[in-house]
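Enquirer: just to be clear, the model below is a prediction. Sequence and coordinates:
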Amino acid sequence: MGKIDDVEVINGEGYQLTTLDKAIGLARANSVWPLPFATSCCGIEFMATMGSAYDLSRFGMERMSFSPRQADLLIVAGTISKKLGPVLKKVYEQMSEPKWVLSVGACACSGGIFDTYSVLQGIDRIIPVDVYVPGCPPRPEQIIDGVMNIHELVKNESNRRRYSDEYKHLMQNYNIEIEDGKAE
Amino acid sequence: MEKLNNEAILNLIQGAFPNDVLFHEEPYGLLTIEVTAAKGHEIIEWLKNHETLSVNYLTNIAAVHYPEDAGREFAVVYQLHSWKNLFRLRIKCYLPKENVSIASLVDIFPGANWMERESYDFFGVEFIGHPDMRRILNEDSMDYFPMRKEYALEDDTREDKDDRYFGRNNQ
């Protein structure tokens, strides 16, 4: 647990104290299960990122979740056409909370060079995005940098982010239904 | 049997449909004929069933928009191939913009199904008698035919693009 240094702790003889939020954030950040939604050349770069040369599994991410139910991080890499938009939204809706979105490449971020009638001009028109990675396509180092930024969010966000008014408001803007958390 | 060349093929078609072959040419050696749109279906069926010609394969259907060509704004282009005689043939039918419709070939070549849907999707050509005339590639909610030359290259009315990302101003 070399990473324990990142978290504020109080050390004493035989014990170590920190807040539950911080401990959970640390555990979550180092066990993110990504769902790769790869449609084009950015997907190839993402494959390189997963491969042995760049090795994303160093960060506890070797387990690709091809089912949205078990995924924490949606990695959208590639051009999303307008026809694919509802599919992507459905995948996002099926992911369980907490969830994050990494938008990889110019097309996913803004439509890229596909300034045309059939291409969605940025996935943030249908789902909220946490981190944008620019580039056409971005190099694996850039994708890893984006993932590191996601890790920072995961570590430092409130564990109860999904019950905050801000988050509910954001989801309302995207017309995405969430549980209100009253059951807990 | 004497070898079928473009001239012999053309003579056979003109012999059977004397009034319907409006124009013919041979760009790069490929026999291209324009026929009346109303007879397109009949001619292609005749070509397929003809004992000597036996044009048994429909390679492609495409549409073209010629917005300045009054009365014949839309062309439907059929590429045909005879596997038996190893020749190819291009047939064009022109349609006016007021009534962009032509008989479907699905009853002759089932493979025409998706090609005709594609031509409908992008150019709005209605294929009469098609079993399932709806869009194939674009989203169903689209209310225009994007490949028609009716739109400015830079469409100012679009709301889905953000000029900040493309390095240009709206001015």
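Expert: That came through, no problem.
Enquirer: which parts of chain B are strands?
Expert: Assigned by DSSP state E, chain B shows strands spanning B:21-25, B:31-35, B:57-65, B:74-82, B:87-95, B:101-103, B:126-128.
Enquirer: which elements pack onto the fourth one?
Expert: Using 3 or more Cβ pairs under 8 Å, 6 or more residues apart in numbering or on different chains; DSSP states H and E as the contact criterion, the secondary-structure elements in contact with strand B:74-82 are helix B:40-49, strand B:57-65, strand B:87-95. C-beta coordinates here come from the backbone N, C-alpha and C atoms, glycine included.
Enquirer: need the winner for burial among those.
Expert: Each of the helices and strands packed on strand B:74-82 was scored by mean neighbour count; the highest is strand B:87-95, a mean of 20, by mean count of other Cβ atoms under 10 Å in any protein chain shown.
Enquirer: quick one, that one and strand B:57-65 angle?
Expert: In terms of direction (axes from the mean of the first three to the mean of the last three Cα atoms, to 10 degrees), strand B:87-95 departs from strand B:57-65 by 30 degrees.
Enquirer: just to revisit the earlier point, okay, the strands of chain B in CSV with mean pLDDT next?
Expert: Supplementary listing: the strands of chain B in CSV, determined by pLDDT from 0 to 100:
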stretch, mean pLDDT
strand B:21-25, 92
strand B:31-35, 94
strand B:57-65, 95
strand B:74-82, 95
strand B:87-95, 94
strand B:101-103, 94
strand B:126-128, 93
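Enquirer: show me which positions of stretch A:124-138 end up buried.
Expert: A:124-133, A:135, A:137-138 (16 or more other Cβ atoms under 10 Å in any protein chain shown).
Enquirer: between those residues, which is closest to chain B?
Expert: residue A:125 (7.2 Å; Cβ to the nearest Cβ).
Enquirer: pick out the residue closest to the middle of chain B.
Expert: residue B:76 (2.4 Å; Cα atoms, centre = their mean).
Enquirer: quick one, what contacts it?
Expert: B:37, B:40, B:61, B:62, B:63, B:92, B:93, B:95, B:102, B:119, B:125 (Cβ atoms under 8 Å, 6 or more residues apart in numbering or on different chains).
Enquirer: please repeat the previous calculation with a cut-off of 10 Å.
Expert: B:37, B:40, B:61-64, B:91-95, B:100-102, B:105, B:116, B:119, B:123, B:125, B:127 (Cβ atoms under 10 Å, 6 or more residues apart in numbering or on different chains).
Enquirer: tell me which element the closest residue in space to residue A:133 that isn't next to it in sequence is part of?
Expert: Distances taken as Cβ to Cβ, 6 or more residues apart in numbering or on different chains place residue A:146 nearest to residue A:133, at 3.9 Å, with adjacent residues excluded. Per DSSP states H and E, residue A:146 falls inside helix A:140-156.
Enquirer: so how far is that helix from its chain's centroid?
Expert: Centroid separation between helix A:140-156 and its chain, computed with Cα atoms, centre = their mean, to the nearest Å, is 9 Å.
Enquirer: same check, this time on stretch A:35-43
Expert: With Cα atoms, centre = their mean as the basis, the mean position of stretch A:35-43 lies at 14 Å from the chain mean.
Enquirer: low-confidence ranges, chain B, go.
Expert: B:1-3, B:153-171 (pLDDT under 70).
Enquirer: change it to 80
Expert: By pLDDT under 80, the low-scoring segments of chain B are B:1-3, B:151-171.
Enquirer: do the same with chain A
Expert: A:1-12, A:159, A:178-184.
Enquirer: show me the domain layout of it.
Expert: A:1-30, A:33-173 (automatic domain parsing).
Enquirer: most tightly packed of these?
Expert: Note that of the domains of chain A, domain A:33-173 is the most buried (mean count of other Cβ under 10 Å), with a mean of 18.
Enquirer: how close does the nearest residue to residue A:62 once chain neighbours are set aside get to chain B?
Expert: Leaving aside its sequence neighbours, residue A:62 sits nearest to residue A:56 (Cβ to Cβ, 6+ apart; 7.1 Å). Using Cβ to the nearest Cβ, to the nearest Å, residue A:56 is found at 28 Å from chain B.
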